[in-house]
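# predicted coordinates and the sequence they were generated for:
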Amino acid sequence: MTKLFTSQKFRRTAVQVLFVAVVAMFILATIIVGRTNIADQGIATGFGFLNQTTGWPVSFSLTDVGPRSTYTQVLFAGLLNTMLVGFMTLIFATVLGLLLALMRISSNSLMKLVGTTYVEVFRNVPVILQVFFWYAILTHFPGPRQAYSLADMAFFSNRGLMLPAPSLSGLDVAIFLIGCVAIGFGLKSFKPKKSGLRLPLAILAAVALFGVLLLTGREADVPLWSVPELKGLRFVGGVSLKPEFSALLIGLTLFGASYIGEIIRGGLISVDKGKLEAGSALGMSPFQINRYIRIPLAFRAMLPSLSNQYIWLMKGTTVGIAIGYPDYFAIVSTSINQSGQTMELLALLMGGFIVVNYSIGFAMNLLNTRLKLKGRS
Amino acid sequence: MTTSVVPPVPKRGFGYWLKKHFFSTWLNSVITVLFGALLIWMCVKLSNWAIFDAIWTVDNKEHCGHGAGACWAVIQDRGRLILFGLYPYEEQWRSTLACLIVILTIGLSCLPSLWSIKKLPTLWVIGFGAFVLLMRGGFAGLPLVTSEQWGGLSLTIFIFSAVFVLGMPLAVVFALARRSSLPVIAKGTGLFIDLVRSLPLLTILFAAAVVVPLLVPDWLEGNKLGRVVVAFAVFFAVYQAEIIRAGLQSTSQGQNEAAAALGMPYWSLVVDILLPQAFRNTLPSTINQAVITFKETSIVTIIGFFEVMASGNAAIGGGEWTEQFVEVYVFLALVYFVFVFGLSRYGAWLENRMRVGHA
């Protein structure tokens, strides 16, 4: 018997079995307690509630949802809201971050100073404070009648930002997006003599498609651009960005840009100077050095931290609940309050974020592998 | 015939420095002039707003908002609310003292002479314990102030230090478990860490505040602040565990074998050999994680805690100071900035120093 207890193999197995048993008991205990507690409140368990109507409105959504929509529809609208603000943040923050990185590595000390100051200020203040700040600014704009206007085309009031928009239907937008993807795929097989022509041609094709859709896909008397107009107490036409959405977007973008800027800068300065000098020794122009040596190498170096930062920003959209932006988390939290289906909704909440974050991680990994295969370093 | 080549004269002087940094090409000159003008204009406007045209005292309050500069009177009037929340007025010296103790603890842990596996945890347990005792009171004539009344900056500092004190040992456990040679434990911990890492902090804190009471028996419920701090500590621990794991991986395998050859027990190997090196190697990342955690304490305002962000919002919420939101938010930003910038500068300095030391 003592032999059994001193045997390494037995002890290792026993410890692991014990570990699994404790974890399983813990999970089982929470489920049992949870079920009885929830049953005491007279709430049915299971996902049946997803087909019931919610009975409460959603202040902002891309799809058409209201008090009569089902939980499935409302939750989906919330997920779309999270993705909308998340992806727009990623795009804007990356562009601004690139600008900041270029400023910080420029030879002009004034630019360096501006870039550094920006990064230090925006990185060292919590994102939620920044979002509150922009929200307060936007909601303290004057009312629609006294709205600030930009050449009578765009208006800034406490109801949000009103911007002119092309008169495109949902179908037009869908055709345009599909067209862009098609152009992207067509580009792969299309090889003009000068490789530099590919991107300009693709952009030209996309712009042409946009123009055709704008000119053909509308009623005869509808103007090309829908411009917001003050009618009574509210604006009609154009596209309206609610203060909640704008504040969250601005706050996350400005905060995220400071981090992304540092990542891009780190990538750019990580490129070995000798490689750049080798390029110029081969007679490459500064543009060619950047295009074929510096950017590919830097991009590869920064990709892992960039994908972490993207996932972080996606998760950061949850602070939107503080100013009333109905993102996925806000919708789930309201649903828990209203329906009491705590466990099911929590599972959906975690599932939603895991799917979104793993998709970003997967896409970035794919990019990473492709880049790795191409380079022969 | 020989020509003598004169060595290039090293260029020095203010004129050369100016040319090199600001006017090296015509494009740079244009940028410098345009940006410089814009910057000077902004600095003038900003300093006029913040200092020269500002209103500093509540007595001059009626001038606020009429084209004048910043109205810092709001800070004079509501500063105590922002810093102490609903903590009883007469007892606020305790809150101040408690915060100073934690700040001193943070400062002391930056001294390399205290970096040992025994001294540092002892320092933090003492510092944190003193903080809690002072804040809570209920002994030696100090009136009891329960955690429901804690607020403002002291609550922020409490959450931060509690998360740090609880999360650090947890992180070590997670890191060791993930590197365990027992496959089930390693995989299970890995799964847990990855699951928590893919979730936003807010959802975890929300679950702890709202959902946990449903899932555990009443006697295990504890109070809301306690649950949220534990959940936050777990969140911190999974991130910190990955940092420590990286540090453990950077120690050479030969040391494990040497320890085994000397017959050292596992715990002695971990505590005396592996962990000191792991912490040392990952110090900059650890400080970075602390910085992020300090900023993220502001998230708890969403689930209804009265920390400095929430008390700031309360200061402008009363109606009297609604228009002074910019001043209050700038003040809050400064409070956070002092802590975060200080810590991150220290981290950068340390990183630089270590790079030199280990080149």
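Okay, I see it.
# show me how far stretch A:334-351 is from its chain's centre.
Distance, stretch centre to chain centre, for stretch A:334-351: 23 Å (CA atoms, centre = their mean, to the nearest Å).
# is that stretch positioned near chain B?
Yes - legend: contact between stretch A:334-351 and chain B by CB under 8 Å from any CB of the partner chain is shown at A:336, A:342-343, A:346, A:349-350. No exception for glycine: its C-beta is placed from N, CA and C like everyone else's.
# in JSON lines, list the residues you listed along with pLDDT.
Listed next are the residues of stretch A:334-351 next to chain B as JSON lines, based on pLDDT from 0 to 100:
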{"residue": "A:Ile336", "pLDDT": "87"}
{"residue": "A:Thr342", "pLDDT": "81"}
{"residue": "A:Met343", "pLDDT": "81"}
{"residue": "A:Leu346", "pLDDT": "86"}
{"residue": "A:Leu349", "pLDDT": "90"}
{"residue": "A:Met350", "pLDDT": "88"}
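# in JSON lines: these, plus distance to B:Val338.
JSON lines is the format used below for the residues of stretch A:334-351 next to chain B (distance: CB to CB, whole Å):
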{"residue": "A:Ile336", "distance to B:Val338": "37"}
{"residue": "A:Thr342", "distance to B:Val338": "40"}
{"residue": "A:Met343", "distance to B:Val338": "42"}
{"residue": "A:Leu346", "distance to B:Val338": "37"}
{"residue": "A:Leu349", "distance to B:Val338": "35"}
{"residue": "A:Met350", "distance to B:Val338": "36"}
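# mark which of the residues you listed are part of helices, please.
A:336, A:342-343, A:346, A:349-350 (DSSP state H).
# out of these, who's the most crowded?
Each of these was scored for neighbours by other CB atoms under 10 Å in any protein chain shown, and A:Leu349 scores highest at 25 neighbours.
# which residues touch that one?
By CB atoms under 8 Å, 6 or more residues apart in numbering or on different chains, the residues touching A:Leu349 are A:328-329, A:332, B:203.
# so where is the stretch 101-250 of chain A shaky, pLDDT-wise?
For the stretch 101-250 of chain A, the stretches flagged by pLDDT under 70 are A:167-170, A:188-198, A:217-225, A:232-233.
# close to chain B: what parts of it are there?
Going by CB under 8 Å from any CB, the residues of the stretch 101-250 of chain A near chain B are A:107-111, A:114, A:120-121, A:124-129, A:132-133, A:136-137, A:140.
# please, a PyMOL command that selects the buried ones among these?
Selection command for PyMOL covering only the buried members of these, criterion 16 or more other CB atoms under 10 Å in any protein chain shown:
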select buried, chain A and resi 108+109+110+111+114+120+124+125+126+127+128+129+132+133+136+137
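# just the residues of the stretch 101-250 of chain A next to chain B: which are in helices?
Mapping those onto helices (DSSP H) picks out A:109-111, A:114, A:120-121, A:127-129, A:132-133, A:136-137.
# closest one to A:Thr30 out of those, please.
The shortest approach to A:Thr30 among these belongs to A:Ile128, at 30.0 Å (CB to CB).
# contact partners for that closest one?
A:Ile128 neighbours (CB under 8 Å, 6+ apart): A:319, A:322, B:298-299, B:301-302, B:309.
# any idea how far chain A is from the closest residue to B:Gly152 other than its chain neighbours?
With sequence-adjacent residues excluded and distances taken as CB to CB, 6 or more residues apart in numbering or on different chains, B:Gly152 is closest to B:Gly85, at 3.8 Å. Distance, B:Gly85 to chain A, using CB to the nearest CB, to the nearest Å: 16 Å.
# so B:Gly85 makes contact with B:Thr301?
No - in this structure, B:Gly85 is not within contact of B:Thr301 by CB atoms under 8 Å, at 11.3 Å.
# tell me, what's touching these two both at once?
With CB under 8 Å, 6+ apart as the test, B:Gly85 and B:Thr301 both reach B:307, B:310.
# the residue lying closest to B:Phe232 once chain neighbours are set aside sits in which helix or strand?
Distances taken as CB to CB, 6+ apart put B:Val163 closest to B:Phe232, at 4.8 Å, once the chain neighbours are dropped. Here B:Val163 sits within helix B:152-178, counting by DSSP states H and E.
# mind listing what's buried along that helix?
Applying 16+ other CB under 10 Å to helix B:152-178 flags B:152-168, B:170-172, B:174-178 as buried.
# for chain B, what's its nearest residue on the stretch 151-300 of chain A.
A:Phe255 (9.8 Å; CB to the nearest CB).
# surely that residue touches A:Gln130?
Yes - between A:Phe255 and A:Gln130 there is a contact at 5.6 Å, judged by CB under 8 Å.
# the two: which has the busier surroundings?
Neighbours per residue (other CB under 10 Å) separate A:Phe255 from A:Gln130, with A:Phe255 holding more: 25 against 21.
# re the thing from before, JSON lines for the ones in helices among the residues of the stretch 101-250 of chain A next to chain B, including distance to A:Leu161?
Conversion of those to JSON lines gives the following (distance: CB to CB, whole Å):
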{"residue": "A:Ser109", "distance to A:Leu161": "36"}
{"residue": "A:Leu110", "distance to A:Leu161": "31"}
{"residue": "A:Met111", "distance to A:Leu161": "29"}
{"residue": "A:Val114", "distance to A:Leu161": "26"}
{"residue": "A:Glu120", "distance to A:Leu161": "28"}
{"residue": "A:Val121", "distance to A:Leu161": "24"}
{"residue": "A:Val127", "distance to A:Leu161": "21"}
{"residue": "A:Ile128", "distance to A:Leu161": "22"}
{"residue": "A:Leu129", "distance to A:Leu161": "22"}
{"residue": "A:Phe132", "distance to A:Leu161": "18"}
{"residue": "A:Phe133", "distance to A:Leu161": "17"}
{"residue": "A:Ala136", "distance to A:Leu161": "15"}
{"residue": "A:Ile137", "distance to A:Leu161": "12"}
